[in-house]
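*Asks:* What shape does this take:
(2 chains)
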Amino acid sequence: MSEIATAADDQLWVDKYEPTSEEDLAVHKKKVQGVRQWLLESLEGGSNGKLRKYRRILALTGPAGVGKTATIRVLARELGFDILEWRNTMDEQYSLDDDYGEYEGLSEKFQAFLARAGRCHSIFSASTQSQPPSSAVSGGSSVSSASQPKRQIILLEDLPNILHPGTRDAFHDSLNAFVGAGEFGVAPMIIIISDTGVRGEGGDGDVGSSTNAWRARREAVDVRSVLPPNLLASPFNPIAPKILRKALQTLLRSRFAKSTGVSASKEVIDLIVDSSNGDIRSAIMALQFACIHDADAQSERGSRKGSKGVIPRALLEAVTRREQSLALFHLLGKLLYNKRKDDPPAPSASAKDIQRDRDFDSRLQNPPPLPPHLGEHHRRTSRVDALYADTPIDASLLSLYVHQNYSQYCETMEQCDTLAEWLSWIDASGGETWQQANPHHFHLLALSTLHSLPSPVVRRSQKPYKPVFFDTLRRARNAEDALGDVRNWLLHCPDQTEEGRAGGWTKGDIALRSGGVLKARTLSGMRAYVPPAHKLFSRLEWNKGAGDLSQLAEGDDVDVPDAEPFDDPEWADGRERRSESEGAWQDDDEIEDIEDFED
Amino acid sequence: MSLWVDKHRPRTLDELHYHEGLSARLRALAASGDFPHMLFYGPSGAGKKTRIACTLRELFGKGVEKLKIDQRVFMTPSKRKLDVNVVQSNFHIEITPSEVGNYDRVVIQELLKEIAQTQQVDLNAKQRFKVVIINEADSLTRDAQAALRRTMEKYMSNMRIILCANSTSRLIAPIRSRCLLMRVAAPSPAEMETVLHHVAAKERFHLPDEAAQAIVADSNGNMRKAVLVFEALKMQSTDLTGSLAIAKPDWETYCAKVAELILSEQTPARVMEVRAKFYELLSHCIPASIILKTVAECVVDRVDETLKADIMHWAAIYETRMRIGNKKIFHLDAWVVKVMSLYKQFFYGLDLSGFDE
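*Replies:* Okay, the predicted model is just below:
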């Protein structure tokens, strides 16, 4: 290690340069303001002091690394309150000769924690400095950050296992009890939930088959399963590139003001910003890594010229999360361009490329001639060697990408037909237990794509798109939650004299039949209430006009108005084919909201 | 304020407006103390569930209306967890096993066994048995039906089953023979008008006859649909006079437009456009098989006679695949592509023979 990594420096930058004031915080100002407002209202009761009892629980949600926790910590410092944190304990030791007798489950502990957190208010405040935390709250250890012992909030980041229905119910009960406890003496609570993406396979099955197989079970933790339905959440969005870049630069300035060392170049920062998808934590990690590397290289070689920027790029690709996306990009390109032996070279290809292709072709053997009745299946030898072993992509994800993009590369309906038929067949084959782990799916998919596409593929500067699938899935889940809300409302209408039996309403009925009435009621104004969420499933607008508009704006290489290009237009620089370093190819990232952020 | 459909739903057998003979029979059955397993069947919106609820009320009294909704978790042999929504009172339990698709057998077995093993402990209860209502019985798998058949005999002493289905044709014969079959026919237009006028009277306004006729004509004997449409119309125009525009649900209009897209142009670019529309429908929780069915019907309406069979043939194939497979959109898409190429080939008078693999 170079001189940078001295003893004072062994911390991770993420911890070392944790934001200390609101200015350092790379979160959108309005969001911080909203959280601050809430905190003030919950601690002091707002302008007329009556809001306290309505400000009991705040849920912050958003992808990992967007600064949810950092916001709370900064505000804690600024407004001067203590953070009381729940941690799930794993180090439970219970032996037979234990004095405590019976075992206390995690949910009981959690309940006890909530109850005591309120009552033990003064004890914590009195001895924040040196008290071993778990003595006060048994089971879960509570960590109180040492600062002015005034007010407290309870921070829940490490949630009990809410995927288990029993635990979830217990958790909801304790939250409800907490809300019901009123404002006296009990600190407000903040819950932080990181969104976890759902993977491609298996997810869609629940969106609704004919037999109304609605999503049977939530695979991932989301706000709705964490909170009982009556509480409010405040979503955080990924950090916009501009804000992120500024934050990284500030960090670098504060670092290299004191110690000597080489700061990362602007190019590197851009690279990191692009690749982080708004995750500031991973961005800082990558930045630290990049700087260490630079320093190393410098101490070894003395001076560096020319090569600068090349090494970091290769290196950063290894550090950042893009390995999978890069492979996906290459693989998709290989499959969809369907290069075969003796393809005419691209007009832009250099002589060297042409020569290389020719060398490659000479090593390929021609396939044996097919009998006449199979003549339609004749293809020239493929240059593609899509090997399963090389690719960290699973067949399910790849099939979604191929499916989203194949039609741009087809010339005739027959080609589309063969490929669509194959995709459908592959998806339906193999049976339930095979779906996840079938290694043949990948080959089937790759080979059938190559076989079906025209050869050579006509280049019209097609752009690969991200599958709309994930977005659809997400929206369908929201709509389904709305269905649930409406159904609950139908079953428990306030004005029904006795517990009504709304009988016939299944979710399918509601989705298919109730739209008209719900819409009419909404239009008629407030005199007939319906849950507003019904719009998510009852309103479907035919957006042909809007589609045409965006098609014109995008240029003539975009065929589908509704398809979202896999790159955010903001980062587009007009190159025909994007270089691999720019694609943001995580299957779970959500970057549409960035514009809102930069307003 | 609840919807009119729920607000004015009859709660006792006396309040029912049509099929009086059926009501009388049900009343007699409930009084006889010898209540059989029953199977209610008939078209949707005819009032099957309403009649079941009224019968329960007759059997058990008001207590049966105290409902709670539960979520039960079942475990399949392969350790997969299934969540099922269960509506129950002290006297009955209502499930829709088809919600869990192919695992309905597990749900039926576990749940029925559990109920059958618990005796009615309430001494004031009018009947010694509990009732299990199984909705959408005609979409039960063969396995589940077989499991049901055994249970129906075994636990007769403290449990009765009421099945609710659209038609009996998909139920296996042993089940049909173990039940008392009750056909609930769709109401006649006159009966529907009576009901609409009754609702209007309850809501204290006058319903013009023309409006009632228009609503009835639109609803095809589906009482629920009629009342829903009625309420929607009333919300839009208070006096219900003049020409009434009865709007279809958004998704139906949307599907019709998709069908038009398919038939107006057959190119790979259009495939992508249609796919985007399908995604939009799916994201509004419209089940994929309903989408396929509706679009296919619209397409079939507008093509030449010779193509109709092929189009439906492929719709059937892709619907099966959809059930087995994972990603609905692939199959919807494949069907569209198939229809487009069939249509195109027909249009250019090409040879169709090679197409039926």
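
*Asks:* Around residue B:99, how many other residues sit close by?
*Replies:* 25 (other C-beta atoms under 10 Å in any protein chain shown). Any C-beta I mention is one placed from the backbone N, CA and C, and that applies to glycine too.

*Asks:* Hmm, I typed the wrong one, I wanted residue B:39.
*Replies:* 24.

*Asks:* Ramachandran angles for it?
*Replies:* phi -130, psi 110 (degrees, to the nearest 10).

*Asks:* Specify the beta-bridge partners of it.
*Replies:* According to DSSP bridges, the residues that bridge with residue B:39 are residue B:163, residue B:181.

*Asks:* Which pLDDT value goes with it?
*Replies:* With respect to pLDDT, residue B:39 scores 94.

*Asks:* what ranges do the strands span in chain A?
*Replies:* For chain A, the strands defined by DSSP state E occupy A:57-62, A:81-86, A:142-144, A:151-156, A:189-194, A:233-235.

*Asks:* CA atoms only: put the fourth one into PDB for me.
*Replies:* What follows is strand A:151-156 as a C-alpha-only set of coordinates in PDB (Å, rounded to 0.1, in the frame of the first residue of the first chain):
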ATOM      1  CA  ARG A 151     -35.200  13.400  22.400                       C
ATOM      2  CA  GLN A 152     -35.300  10.100  20.800                       C
ATOM      3  CA  ILE A 153     -36.600   8.300  17.800                       C
ATOM      4  CA  ILE A 154     -36.700   4.600  17.200                       C
ATOM      5  CA  LEU A 155     -35.000   3.400  14.100                       C
ATOM      6  CA  LEU A 156     -36.000   0.100  12.500                       C
END
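
*Asks:* Starting from that strand, tell me which strands it pairs with and how they run.
*Replies:* strand A:81-86 (parallel), strand A:189-194 (parallel).

*Asks:* quick one: the last one to strand A:57-62, angle?
*Replies:* Relative orientation of strand A:189-194 and strand A:57-62, computed by axes from the mean of the first three to the mean of the last three C-alpha atoms, to 10 degrees: 20 degrees.

*Asks:* I'd like the mean pLDDT over strand A:189-194, please.
*Replies:* 75.

*Asks:* what do you get for stretch B:166-174?
*Replies:* Averaged across stretch B:166-174, the pLDDT comes to 88.

*Asks:* mind listing what's buried in it?
*Replies:* B:166, B:168, B:171 (16 or more other C-beta atoms under 10 Å in any protein chain shown).

*Asks:* now stretch B:68-78
*Replies:* B:72, B:74.

*Asks:* Would you mind pulling the contact partners of it?
*Replies:* Contacting residues not belonging to stretch B:68-78 are listed as A:165, A:433, A:488, A:491, B:81-89, B:100, B:103, B:106-107, B:110-111 [C-beta atoms under 8 Å, 6 or more residues apart in numbering or on different chains].

*Asks:* give me that answer again for 6 Å
*Replies:* For stretch B:68-78, the external contacting residues (C-beta atoms under 6 Å, 6 or more residues apart in numbering or on different chains) are A:165, B:81-87, B:103, B:106-107, B:110.

*Asks:* And stretch A:341-361, by the same measure?
*Replies:* A:364, A:380-381, A:456.

*Asks:* pLDDT added to these, as a markdown table?
*Replies:* Listed next are the contacts of stretch A:341-361 as a markdown table, based on pLDDT from 0 to 100:
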| residue | pLDDT |
| --- | --- |
| A:364 | 80 |
| A:380 | 82 |
| A:381 | 81 |
| A:456 | 79 |
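
*Asks:* What subset of these is buried?
*Replies:* Neighbour counting with 16+ other C-beta under 10 Å marks residue A:380 as buried within these.

*Asks:* export the contacts of stretch A:341-361 to a markdown table and tack on distance to residue B:218?
*Replies:* Shown next, in a markdown table, are the contacts of stretch A:341-361 (distance: C-beta to C-beta, whole Å):
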| residue | distance to residue B:218 |
| --- | --- |
| A:364 | 65 |
| A:380 | 59 |
| A:381 | 62 |
| A:456 | 55 |
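
*Asks:* Which of the strands of chain A has the lowest mean pLDDT?
*Replies:* What stands lowest among those, in mean pLDDT terms, is strand A:142-144, with a mean of 42.

*Asks:* Was I right to think residue A:404 contacts residue A:465?
*Replies:* Yes: between residue A:404 and residue A:465 a contact is recorded at 5.3 Å, counting by C-beta atoms under 6 Å.

*Asks:* Settle it for me: which of the two has more neighbours?
*Replies:* residue A:404 (25 against 19).

*Asks:* What is the neighbour count of the spatially closest residue to that one that is not a sequence neighbour?
*Replies:* Of all residues not flanking residue A:404 in the chain, residue A:467 sits nearest, at 4.2 Å (C-beta to C-beta, 6 or more residues apart in numbering or on different chains). Residue A:467 has 24 neighbours, counted by other C-beta under 10 Å.

*Asks:* show me the contacts for residue A:467.
*Replies:* Residue A:467 touches A:400-401, A:404, counting by C-beta under 6 Å, 6+ apart.

*Asks:* How about residue B:210?
*Replies:* Here residue B:210 is in contact with no residue (C-beta under 6 Å, 6+ apart).

*Asks:* so is it in a helix, a strand, or just coil?
*Replies:* helix (DSSP: H, G, I helix; E, B strand; the rest coil).

*Asks:* returning to that earlier point: looking at the contacts of residue A:467, which one is closest to chain B?
*Replies:* residue A:400 (7.2 Å; C-beta to the nearest C-beta).

*Asks:* The closest residue to the closest one other than its chain neighbours and residue A:59: what is the separation?
*Replies:* Spatial nearest neighbour of residue A:400, chain neighbours left out: residue A:467 (4.2 Å); criterion: C-beta to C-beta, 6+ apart. Separation of residue A:467 from residue A:59 (C-beta to C-beta, to the nearest Å): 29 Å.

*Asks:* which residues in chain B form strands?
*Replies:* If DSSP E is used as the criterion, the strands of chain B fall at B:38-41, B:68-75, B:81-88, B:92-95, B:130-134, B:159-165, B:180-183.

*Asks:* So which elements touch the third one?
*Replies:* Translated: strand B:81-88. strand B:68-75 (3 or more C-beta pairs under 6 Å, 6 or more residues apart in numbering or on different chains; DSSP states H and E).

*Asks:* So what's the gap between the strand it packs on and the chain middle?
*Replies:* Computed by C-alpha atoms, centre = their mean, to the nearest Å, the chain-centroid distance of strand B:68-75 equals 21 Å.

*Asks:* Mind listing the strands that strand pairs with, and their directions?
*Replies:* Strand pairing (DSSP bridges) places strand B:68-75 next to strand B:81-88 (antiparallel).

*Asks:* Could you export the strand it pairs with as CSV, CA atoms only?
*Replies:* What follows is strand B:81-88, C-alpha atoms only, in CSV (Å, rounded to 0.1, in the frame of the first residue of the first chain):
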residue,chain,number,x,y,z
LYS,B,81,-46.3,-22.4,0.5
LEU,B,82,-49.7,-21.4,-0.7
ASP,B,83,-51.7,-18.5,0.6
VAL,B,84,-55.4,-18.8,0.3
ASN,B,85,-58.0,-16.2,1.2
VAL,B,86,-60.8,-17.6,3.3
VAL,B,87,-64.1,-16.0,4.2
GLN,B,88,-65.7,-17.6,7.2
